[in-house]
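1. just need the structure, nothing else, for what follows:
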Amino acid sequence: MTKAKLSVNINKIATLRNSRGGTNPSVVEAAIKAQQFGADGITVHPRPDERHIRYQDVLDLKSVVHTEFNIEGYPNEKFMQLVLDVRPTQVTLVPDPPGVLTSNAGWNTIANQQLLQDIISQLKDAGIRTSIFIETNESMIRAAKDAGTDRIELYTESYAVGFPSDKEAAVAPFVEAAKVANEMKLGINAGHDLNLDNLEYFAENIPGLLEVSIGHALVSDALYLGMSNTVKMYKNCLR
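-> Numbering: from 1, shown residues only. Got it, this is the predicted structure:
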């Protein structure tokens, strides 16, 4: 079994910087250090209002991310121009409306089939791996395959909410979703509210899990434990 990779989402570093203005803390330095400490990739999610990661940050990060660079976002014209200029390893398509606080739903891949096909075609022509942020609905996963994506990213908030009271019930829909994805030969990523308490159980139960993207919890833990220790602890959960 291949160990899942850890991609560190550094959006919260940008949030802290923007709260004061200036350049401290540096998202570029955060990406460099996270990789030095063992991160397998760096994730950013630029939003239209640039309230955390700015479009310029993405351009600045291009030259320092030597692992896997994952850019998340809604595929409007500005986002598409950015990712086609940067050419990251992976683009994760997220159905965020402009004013949403954080990603809170997966794609309806049936209703948005033509849009997704068109976007994914452009990304594939540029040599960029694609992933679709999605919930555990089997029909949506099958339609994601029809759209041409390489991977799906399972939206794990419901797992995180249910884990403290009944971890087996919480993970069960994700196990079934992973089986469908494996059957369809779709790669499996996961993210949202995964943390040091619930990550290991999730990773050991999801067949074919390739990558997790973690930001808020990891950066929060790093405030107490240090970034180096924290990255190592999260990677240990993926053993």
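
2. buried set for the longest helix anywhere in the chain?
-> Longest helix in the chain, counting residues (DSSP state H): helix 167-183. By neighbour count with 16 or more other C-beta atoms under 10 Å, helix 167-183 contains the buried residues K167, A170, V171, P173, F174, A177, A178, V180, A181. No exception for glycine: its C-beta is placed from N, CA and C like everyone else's.

3. from these, which is closest to I10?
-> Comparing those against I10 with C-beta to C-beta places F174 closest, at 25.2 Å.

4. just give the closest residue to L16, not the sequence neighbours.
-> P25 (5.9 Å; C-beta to C-beta, 6 or more residues apart in numbering).

5. which helices and strands does the longest helix of the chain pack with?
-> Here helix 167-183 touches helix 138-147, strand 151-155, helix 157-162, strand 187-191, helix 199-205, going by 3 or more C-beta pairs under 8 Å, 6 or more residues apart in numbering; DSSP states H and E.

6. can you rerun that using 10 Å?
-> Using 3 or more C-beta pairs under 10 Å, 6 or more residues apart in numbering; DSSP states H and E as the contact test, the elements touching helix 167-183 are helix 138-147, strand 151-155, helix 157-162, strand 187-191, helix 199-205, strand 209-214.

7. okay, the angle between the fourth one and helix 138-147?
-> Between the direction of strand 187-191 and that of helix 138-147, the angle (axes from the mean of the first three to the mean of the last three C-alpha atoms, to 10 degrees) works out to 120 degrees.

8. relative to strand 187-191, what are the paired strands and their orientations?
-> Taking DSSP bridges as the criterion, strand 187-191 sits next to strand 151-155 (parallel), strand 209-214 (parallel) in its sheet.

9. compare those strands and give me the one nearest F69.
-> strand 209-214 (11.8 Å).

10. could you check the angle helix 167-183 makes with that closest one?
-> Using the same axes, to 10 degrees: strand 209-214 against helix 167-183 is 120 degrees.

11. residue ranges in the chain under the pLDDT threshold?
-> 1, 97-104 (pLDDT under 70).

12. for stretch 182-198, which positions count as buried?
-> Result for stretch 182-198 [16+ other C-beta under 10 Å]: buried residues L186, G187, I188, N189, A190, G191, H192, D193, L194, N195, L196, N198.

13. could I get the full set of helices for the chain?
-> 11-20, 27-36, 55-61, 77-86, 113-125, 138-147, 157-162, 167-183, 199-205, 216-225, 227-237.

14. hang on, the earlier thing: neighbouring contacts of the longest helix of the chain?
-> 134-142, 144-145, 151-152, 154-156, 158-164, 166, 186-188, 190, 197-198, 201-202, 204-209 (C-beta atoms under 10 Å, 6 or more residues apart in numbering).

15. out of the strands paired with strand 187-191, which comes closest to Q35?
-> Between Q35 and the strands paired with strand 187-191, the shortest gap by C-beta to C-beta is with strand 209-214, which sits at 14.6 Å.

16. give me the angle between the closest one and helix 216-225.
-> 60 degrees.

17. and strand 209-214 with helix 227-237, angle?
-> Using the same axes, to 10 degrees: strand 209-214 against helix 227-237 is 150 degrees.

18. return the distance of strand 209-214 from the chain's centre.
-> 7 Å (C-alpha atoms, centre = their mean, to the nearest Å).

19. could you do stretch 222-239 as well?
-> 17 Å.

20. what of stretch 218-236?
-> 17 Å.

21. what number of residues lie near N76?
-> When neighbours are counted by other C-beta atoms under 10 Å, N76 registers 11.
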